[in-house]
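**Student:** Okay, predicted coordinates and the sequence, questions at the end:
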Amino acid sequence: MQWSVILLFLMGQSYFINCQLYEYHYINEEKTWTEAQQYCREKHTDLATVSNMADMKRLLSTRAGNKGEAWIGLYDQTDVNRTWYWSLPGVEFNERETNWRPGEPSDKGNGNPENCGILNNDLRWIDTGCQHKYHFLCYDETNRTQKYHLIREKKTWQEAQSYCREKHTDLISGMKQLQDGELERVMNFTEILTYFGLFRDTWRWSDGSSFSFRHWNDQLNNQQYNTGRCALAVFDDEGRWKNNSCDQKKPFICYDDKVILIKENKTWEDALYYCRDHYHDLVTITSLDEQRWVQEKAKKASTDYVWMGLRYNCLMKAWFWVCKENWGSNQSPASERWKNDCDMSGAMDAGGQHKWFQRNPSEELNFICSKN
């Protein structure tokens with residue numbers, strides 16, 4: 001098992017705690033996709049859900065370098081509306097925040113679906129077929145001097161996505177990046193059309209998660225997806241996915257979920273004791289990847305916030321907090337309000353950007369427990 005690390009600041013000292021919020025299991029039995037789904041739901045949580053490249057590496061490690069392929073939890077619901085997503089994991093598409101050119105999305109592909117987005121010179125959005133080749137825009141979260149890169153090579157959308165993930169971070173995704181003045185300088189009002197990280201499809205995860213991560217083989221295009229309605233991970237160096245008939249019998253990958261949303265309204269302390277009595281503890285988030293996993297649970301809450309395992313200890317004058325800060329505006333532990341008020345606990349916003357906020361621990365909220 002791989003472990004993530006949380007850093008706690010207690011009276012000026014540093015301590016480390018290990019935890020893992022979900023775990024993959026390779027099942028070397030050949031079953032159809034539906035049979036595999038039933039098996040995983042009975043013995044584990046569900047067929048594997050993959051949220052980012054870190055998950056892909058963990059998933060591939062379940063085969064210890066051996067070849068082959070296995071079902072994962074992605075399947076094609078061709079009878080549902082296509083949903084727009086952003087390529088960059090963790091960035092959620094908001095239908096109220098768009099910049100379509102008038103008349104778009106038109107979906108006028110002469111019989112072929114227009115499932116990918118391109119930008120014209122004024123940064124307005126246009127839908128197009130993903131099989132067409134355009135220049136494209138990459139985002140690099142590690143490059144402080146140049147976050148955005150205009151790649152003047154023509155590629156299909158999937159080829160562009162692969163290029164950006166290999167050489168940078170991903171295709172440019174989300175309104176925050178698209179509205180950045182630095183991007184306008186990179187574009188310099190060029191007359192070329194460019195791919196960015198907008199796409200849509202009818203593929204869904206078996207467990208109902210809304211993760212947008214896709215890792216298709218570059219040789220596929222949207223027109224070929226309908227030849228098979230279930231997804232396989234191929235165990236090679238890249239672990240690319242391919243689609244196949246769901247009736248084929250293949251090995252498969254399950255996952256065990258180590259966190260659970262409790263839709264009961266309790267104070268922070270009552271939630272803590274509930275988790276310790278029935279599971280392990282209130283959830284602790286140890287990385288940005290785990291933040292994304294937990295916020296998927298929070299989306300289904302019946303309260304505006306959900307309790308997590310974050311509390312100020314007045315006696316020790318210490319905050320227990322995760323290594324990846326995700327506080328809402330003016331809610332940082334460094335703020336004067338937090339320093340002067342001992343009666344406070346941390347909760348995640350169940351909607352919006354899923355930031356963390358201080359809440360009075362006497363409030364009654366849903367909460368998220370870790371199972372072990």
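**Tutor:** Okay, I see it. Numbering: from 1, shown residues only.
**Student:** name the element the closest residue to residue 212 other than its chain neighbours belongs to?
**Tutor:** Spatial nearest neighbour of residue 212, excluding adjacent residues (CB to CB, 6 or more residues apart in numbering): residue 85 at 3.5 Å. Glycine gets a C-beta too; all of them are placed from N, C-alpha and C. Taking DSSP states H and E as the criterion, residue 85 maps to strand 83-86.
**Student:** how far is that strand from where the chain is centred?
**Tutor:** 12 Å (CA atoms, centre = their mean, to the nearest Å).
**Student:** swap in stretch 165-185?
**Tutor:** 17 Å.
**Student:** Where does pLDDT dip in the stretch 201-350 of the chain?
**Tutor:** 218-227, 312-313, 315-342 (pLDDT under 70).
**Student:** quick revisit: the residue nearest to residue 212: what's it in contact with?
**Tutor:** Shown in contact with residue 85 (CB atoms under 8 Å, 6 or more residues apart in numbering): 93, 198-201, 212.
**Student:** Now which of the residues you listed would you call buried?
**Tutor:** 93, 198-201, 212 (16 or more other CB atoms under 10 Å).
**Student:** In a markdown table, list those along with secondary structure and distance to residue 37.
**Tutor:** Formatted as a markdown table, those follow (DSSP: H, G, I helix; E, B strand; the rest coil; distance: CB to CB, whole Å):
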| residue | secondary structure | distance to residue 37 |
| --- | --- | --- |
| 93 | coil | 26 |
| 198 | strand | 30 |
| 199 | strand | 25 |
| 200 | strand | 24 |
| 201 | strand | 19 |
| 212 | coil | 21 |
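**Student:** Mind putting those residues into TSV with distance to residue 185?
**Tutor:** Output for the buried ones among the contacts of residue 85, formatted as TSV (distance: CB to CB, whole Å):
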residue	distance to residue 185
93	25
198	21
199	26
200	29
201	32
212	27
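**Student:** Pick the one among the residues you listed closest to residue 25.
**Tutor:** residue 212 (24.0 Å; CB to CB).
**Student:** wait, is residue 254 part of a strand?
**Tutor:** Yes - Residue 254 sits within a strand when classified using DSSP: H, G, I helix; E, B strand; the rest coil.
**Student:** who touches it in this structure?
**Tutor:** 24-25, 27, 36, 39-40, 43-48.
**Student:** swap the cut-off to 7 Å and go again
**Tutor:** Contacts for residue 254 (CB atoms under 7 Å, 6 or more residues apart in numbering) come out as 25, 27, 40, 44, 47-48.
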